[in-house]
Structures are given as structure tokens and as C-alpha cells.
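Enquirer: Starting from these lines, generate the structure:
(chains A and B, ligands or ions: 2)
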Amino acid sequence: MSVAGTVPKPGGAALARRAWAAFVRRREASVLVVAIGLVVYFQAASPLFLTSDNLRNIAQATAPTAIVAVGIVFLLVSGEIDVSVGMVAALAPYLMHYAIDFYGVPAVPAILLALLIAAAVGLVNGLITTRLKVPSFVTTLGMFYLLYGVLLTTSRAYPVAVPEPVKGDLQTWLGAGDWASLCWCLLVVAVFHVVLTRTRWGLHTISAGGNPLGATEAGIRVSRVKVGNFMLVSVFGAFAGLMEAFRINSIDPNIGGGTRITFTAIAAAVIGGTALAGGSGTVIGALLGMFVLAMLQNGFNLIGVSANPFFLIQGIAILVSMIANQYLSRLRRTGRS
Amino acid sequence: MAAFALEVSGVAKRFGALTALRDVNLHVSRGEVLGLLGDNGAGKSTLVKVICGFHRLDSGQILVDGEPVSLRGVDHARSLGIDTVYQDLALVNELSVYHNMFLNREHRMGPLLNNRLMRRLAESHLHAMGVDIPDVTIEAAKLSGGQRQAIAVARSVYSDARILLLDEPLAAMGAKEATIILDLVADLKARGDVAIVIIAHNYAQALQVCDRINILQQGTITFDRPASETSVTELTDLMVAAYRTRRRDETGRA
Ligand SMILES: Nc1ncnc2c1ncn2[C@@H]1O[C@H](COP(=O)(O)OP(=O)(O)OP(=O)(O)O)[C@@H](O)[C@H]1O
Ligand SMILES: [Mg+2]
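Expert: Residues are numbered from 1 along each chain as shown, chains lettered A, B, ... in the order given. Ligands and ions are numbered 1, 2, ... in the order given. Now for the predicted structure:
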């Protein structure tokens, strides 16, 4: 019998190999390595990187989009996509503003109303996609322009102030507070990680994207699952938009930067290891992916590289992570892990 | 006389211009195994998918225990005790073996999946069946064709179904595994409370396990006889007769 400590060498190697296999098997593996690498690199390059001020900057830049990315992960896993979510984010604060300032709705119901309307947008996206069999990219592209039109017409493209009734605690808790958005983000990530991996909804979402015909044969209402996930993304989009408005203390038609929130959230999901083809994805990976993107932008700023090459790097990051994912999933599939 | 567990009466199903089922009549009793044979494209799978609620029928009727039922979907059929092994197996590659075995029938603890229970049950069911799958936590994508089929069969057999539809459950099976499945069917039959329909292309296997044989041709049942009163030779002759006749006509004309 060998005692611990005198383990023969092959045993140690086997253990290391097993640990490596278990690590590689996690979809979050590659993005975690990249994230840690970036932290180390930027901290070495600039001592300001790991200061609380700077971390708050990163957190505030990350959190709302990361919440959208969580929704995007669910939708991608179910085999669909939503490019209109950024416009929902821009519209939601205006909906709240209209309700409060034009119709005298109290603050909390006005916020809930904005979320509800966002859910309805998701419902329409989902129904058009599943019932009328329009590819979701096209459906939501149409919805993007439609909402853009609604936004510009109703707001006449003017920014407005955050309505008085939401100022104070509500605004602080919903985004203006230093760490408020990060707390919401971590809460959403934690809850929806469990939803995706440990609940029926998550299992059926994976099935709907992985084998839609098979899932239907097993009695899963694939359309219903997809519609639900469209609604989830839209509500998260609205929530992210509201948080941004509270944080910058103004309601601006440029919140979300048109397609910026959408594309960043999709990029985060993809970098985090979620497949566009459906059937697999991870919420934690999306958070890490979002973190990587935010770090890249922030870190290059700190060390004095202009913001312009950032997109170049983001593009490379997406391509490299897709290639890595492809490689890793082949390893996962063939490896007897 | 007691009502049949399952009766299909005058069922038709069209896909656009294509008529897959014209006028199908068949019946199975509890404790009986019905073998459904037919050419490729004869409509066997379509019939199964009509009975299990996947396809809506265009006309005709399905009776369960003598009661006409109007199936609203696979879920509804399952709630009536109808369960299916599909020809395409309906497994999700991205899910583990045990999640596949409990797909849409998950055990839960509160809102969360009871993974431990499902894993244990999956292991014990597969063990009881004699199927050799070392680890039920691996993704279904990593299984061999025969293993996948075994999982799909196990899923339905252990679902407490009272009407079991098996669409080519032996297609990818080796000799040993096919025997496992055939034994399983024999056990279910011996229990006496399950009505079973098996689609097969191997007549010897069909005759071995079935009580009665039906042949589906051009969207209708053309042959219905107890298995003891027919043989592999007769079935083969029947199936290729039409083809032989046509071929003889054609070569004759040439
Ligand atoms: N979803 C569908 N849409 C359109 N046509 C279909 C569909 N499903 C089946 N068919 C057609 O219906 C006919 C019967 O098909 P079915 O799958 O029932 O045959 P089968 O008897 O199971 O054949 P096999 O032995 O090859 O499995 C075929 O001509 C097929 O092309
Ligand atoms: Mg078939």
C-alpha cells in the first residue's frame, strides 16, 4: 500500500492528466484562463488596475451588459438569437419616463410596466419566430428597427432627466449605487446558472436547441421554451437599460449604443463558450466573457493605448475563442473524459 | 369481450399531396405483442407518430381501452399511458445519459432537478436490463449507436407505459443486445398489462417475440395473422411479391 506522499510518479501524472481533462471539459475553461491572464498582465502593466476605483469602473461597464448576456445565453442555447435587445434597453427608460411624467404612474409600477412591455416585445419576437417560422435573426432585426422608430418618434431623440419619483433610494439600488449593478449582475448570474444547469427549464432549453425534433418527440413544447427565452432576454434588456439610465442619471436614446449592448452581450456569450448552434452554453462563461471584454477596454485605456484598436482586439478575441471552443468541444467529444 | 387496449380505426394521414396513411385499422390487447411490418416508406413510423400524439390525424379514430381519444400532443398521449421509442430515438446529444432517460419526466426536489435520484434510477434500470454503460453522466453524444438505442428503449420501458410503441428498436443492435431487448419485451408481455407494438424489418426476430403480425402496405393494413400461422418465408414472399410482379412485367415488356 502506498501512503500519500510516496505516490509513484505515474500516479501523479495520471492525476494531473485527469485534472486537466476535468478542467478542459468545463466550457468556461478557456475564458477563465484568458481572464486570469489579463488580470495578471494589466496589473503588471499598470498598478492602477486593481484599485477599487478602477474595479468599480469595470464592474459598472460590465454588469448591465452581463445581465443581457445571461439572457442571450439562454436564447442561444435554445437555438435562437435576438439582435433587438439593445433597442429594448434604450426604450425601457423612456417607457418608465412616459408612464411617470405623462400618466402619473407611481415609480415602482412604472418600472414594472416597462419590464412588462419588454416581455411583450419578447413574446412578439418569439411568436413570430416559432409560429410563422421566420428565422429569429430576421424577426429581431425587424423588431430592432421597429423599436428604433418608436423610440425616435416618441422621444424626438431628446434625452430627458430621470423622473423625480424614482430619485433617491430606488435610483441608488437600481444602478446608481457604486456596486448596485454588480450586485444585481452577480445575483442574476448565480440564479440563472442554477436555472440552466439544475432545473427543468434549463434542461428543456438545452433540449430545444440541441435536438428540436427529438425534444418535441419527447413531449417538450419547444416553441413555448423558445418564446419564454425571448421574453427573458427582453426583460433583461429592459432591466439593463434602466440600470444604465439610473447610473448616468439621464434617459438618453443612445443608451445601449444602438447595437452595442446586443453585440457585446453576444460576444461575451460566445467568448464564454456558448455555441451559436444551440444546445450548449454557460452563464458563468458569459460573465467571464463580459469581464474579459471590459478588462480589455479598461486595461488598454489605463496603459495608454487608444480606444480605437480595442475593436480589433475584441474581434480577434471572438475569433480565437471560437476556434478554441471548436477545438475543446472536439476534445470533449472524442476524449474519454 | 373486453375492449382492446389500443384500437386504430380508419386512420388517414396526409403530408400535403402525399398520402402516408390511407385507411389503417389495427388493434392490440394487453399482454399482446403486435409486429408491424412493411416496406421502407410504407408509413409505419407515421402511424406510430399518429398514435403517440406527435402527428394530428386527418380522419379516423384512436381508441384507448375502448374510449375514443382525441390526442392533443405527445404529453397528452403519455398521460394516457402511451409511450414511444422513436426511430430517430429522440435523444439530446448535449445531455447526459441519465437526463436523457428522464427527459420531460424529470424527478424534482422543489424547483430543482433531483439529479442524484435520476442518476441512481438510470443506473439501476440499465443494470437490470443488462445494458453495459459504464457511466450515466457522460453525454449521449459519446454513446455508440446500439447504446443510444438501448437508452431510448430503457427510457420507455421504465416509464410505466401501458401502451408501448417501439419503432425499429433493434435496428442498431448487436446479437446480444437484440436478445436483451427481445427478452425485455417478453418480460413485459408476461406481465400481461402492457400492449406492445413493434416495428421491425427482421422477420425472424419479429416472429420470435410477436403474437400477431400486421403488414402495412400503401397506407393500409393488408395482412393480419397470428405469428404462429405464418413464417419467415411467407412474409418474405408477401413483401417482395409486389416487387417481383412489377419487375417481371417490366422485363417482360422490355
Ligand atoms: N414529416 C413529414 N413530412 C412529409 N412527409 C413525410 C413526413 N414523415 C414521413 N413522410 C412521408 O411519409 C411516408 C411514410 O414515411 P414513414 O416514415 O412513416 O415510413 P416507414 O414505414 O417508417 O419507413 P422506414 O421503414 O424506412 O422507417 C414517406 O413517403 C415519407 O416521405
Ligand atoms: Mg420508419
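Enquirer: sec struct for the residue of the stretch 1-150 of chain B found nearest ligand 2, please.
Expert: Residue nearest to ligand 2 within the stretch 1-150 of chain B (C-beta to the ion): B:S45, separated by 3.1 Å. Just so you know, the C-beta spots here come from the backbone N, C-alpha and C atoms, and that holds for glycine as well. Put simply, B:S45 is helix when judged by DSSP: H, G, I helix; E, B strand; the rest coil.
Enquirer: For it, give me its contacts.
Expert: B:S45 sits next to B:Y86, B:Q87, B:D167, B:I199 when contact means C-beta atoms under 8 Å, 6 or more residues apart in numbering or on different chains.
Enquirer: at 6 Å instead, please
Expert: With contact taken as C-beta atoms under 6 Å, 6 or more residues apart in numbering or on different chains, B:S45 is in contact with B:Q87, B:D167.
Enquirer: Repeat that for B:G31.
Expert: Contacts of B:G31 by C-beta under 6 Å, 6+ apart are B:K189, B:G192.
Enquirer: is it true that it lies in a strand?
Expert: No: counting by three-state DSSP, B:G31 falls outside a strand, being coil.
Enquirer: Quick check: nearest residue in space to residue 54, chain neighbours excluded?
Expert: No chain in the question, so chain A it is. In this structure, A:N54 finds its nearest non-sequential neighbour in A:L48, 5.6 Å apart by C-beta to C-beta, 6 or more residues apart in numbering or on different chains.
Enquirer: let's do chain B instead
Expert: Nearest to B:F54 is B:V74, by C-beta to C-beta, 6+ apart, at 5.5 Å.
Enquirer: Tell me who's in contact with that neighbour.
Expert: Applying C-beta under 6 Å, 6+ apart, the residues near B:V74 are A:G219, B:G53, B:F54.
Enquirer: before we move on, what about B:G146?
Expert: B:A172, B:M173, B:G174, B:E177.
Enquirer: Surely the last one forms part of a helix?
Expert: Yep, that's B:E177 we're talking about. Yes: looking at B:E177 with three-state DSSP, it is inside a helix.
Enquirer: what is the mean pLDDT for the longest helix along chain B?
Expert: Determined from DSSP state H, the single longest helix within chain B is helix B:232-253. What helix B:232-253 shows for mean pLDDT is 78.
Enquirer: Could you tell me which residues of chain B lie near ligand 2?
Expert: Contacts of chain B with ligand 2, taken as C-beta under 5 Å from the ion, map to B:S45, B:Q87.
Enquirer: before we move on, the earlier item: of the contacts of B:V74 - the most surrounded one?
Expert: B:G53 (24 neighbours; other C-beta atoms under 10 Å in any protein chain shown).
Enquirer: What separation is there between the residue in the stretch 51-200 of chain B positioned nearest to ligand 1 and B:K189?
Expert: The stretch 51-200 of chain B approaches ligand 1 most closely through B:Q87 (5.5 Å), counting by C-beta to the nearest ligand atom. Separation of B:Q87 from B:K189 (C-beta to C-beta, to the nearest Å) stands at 22 Å.
Enquirer: which residues sit in contact with the residue nearest the centre of chain B?
Expert: By C-alpha atoms, centre = their mean, chain B has its centre lying nearest to B:L166, at 1.5 Å. Going by C-beta under 6 Å, 6+ apart, B:L166 touches B:V85, B:I198.
Enquirer: Secondary structure of it: a helix, I assume?
Expert: No: if the criterion is three-state DSSP, then B:L166 is strand and not within a helix.
Enquirer: Distance of it relative to B:H127?
Expert: B:L166 is 21 Å from B:H127, by C-beta to C-beta.
Enquirer: go on, B:R72?
Expert: 36 Å.
Enquirer: how about low-confidence regions in chain A?
Expert: A:1-10, A:24-25, A:257, A:307, A:325, A:329, A:331-337 (pLDDT under 70).
Enquirer: so how far is A:A29 from the residue nearest to A:N54?
Expert: 29 Å.
Enquirer: which one of these two has more residues nearby?
Expert: It is A:A29, of A:L48 and A:A29, that has more neighbours when counted by other C-beta under 10 Å, with 19 against 14.
Enquirer: Could you report the neighbour count for A:Q326?
Expert: Neighbourhood size, A:Q326 [other C-beta under 10 Å]: 11.
Enquirer: in stretch A:255-271, what counts as buried?
Expert: By neighbour count on 16 or more other C-beta atoms under 10 Å in any protein chain shown, the buried set for stretch A:255-271 is A:255-256, A:261-271.
Enquirer: Sorry, slip of the keys, the one I care about is stretch A:111-124.
Expert: So, applying 16+ other C-beta under 10 Å, buried residues of stretch A:111-124: A:I111, A:L113, A:A114, A:L115, A:I117, A:A118, A:A119, A:V121, A:G122, A:V124.
Enquirer: Now the last one: which helix or strand?
Expert: Same thing as A:V124. Under the criterion of DSSP states H and E, A:V124 resides in helix A:107-131.
Enquirer: what helices or strands is that helix leaning on?
Expert: Packing contacts for helix A:107-131, counted by 3 or more C-beta pairs under 6 Å, 6 or more residues apart in numbering or on different chains; DSSP states H and E, involve helix A:85-97, helix A:136-155, helix A:222-248.
Enquirer: quick one: contacts of the following helix or strand past the second one?
Expert: This points to helix A:136-155. With elements assigned by DSSP H and E, the helix or strand that comes after helix A:136-155 is helix A:169-171. With contacts defined as C-beta under 6 Å, 6+ apart, helix A:169-171 is touched by A:A107, A:F246.
Enquirer: centre of the chain versus helix A:169-171, how much separation?
Expert: Centroid separation between helix A:169-171 and its chain, computed with C-alpha atoms, centre = their mean, to the nearest Å, is 24 Å.
Enquirer: Which element is encountered next along the chain beyond that helix?
Expert: helix A:180-198.
Enquirer: relative orientation of the helix holding A:V124 and helix A:222-248 in degrees?
Expert: Counting by axes from the mean of the first three to the mean of the last three C-alpha atoms, to 10 degrees, helix A:107-131 points 140 degrees away from the direction of helix A:222-248.
Enquirer: Touching helix A:107-131 from outside, list them.
Expert: A:88, A:92, A:95-96, A:99-100, A:134, A:136, A:139-140, A:143, A:165-166, A:170, A:223, A:226-227, A:230-231, A:234-235, A:238.
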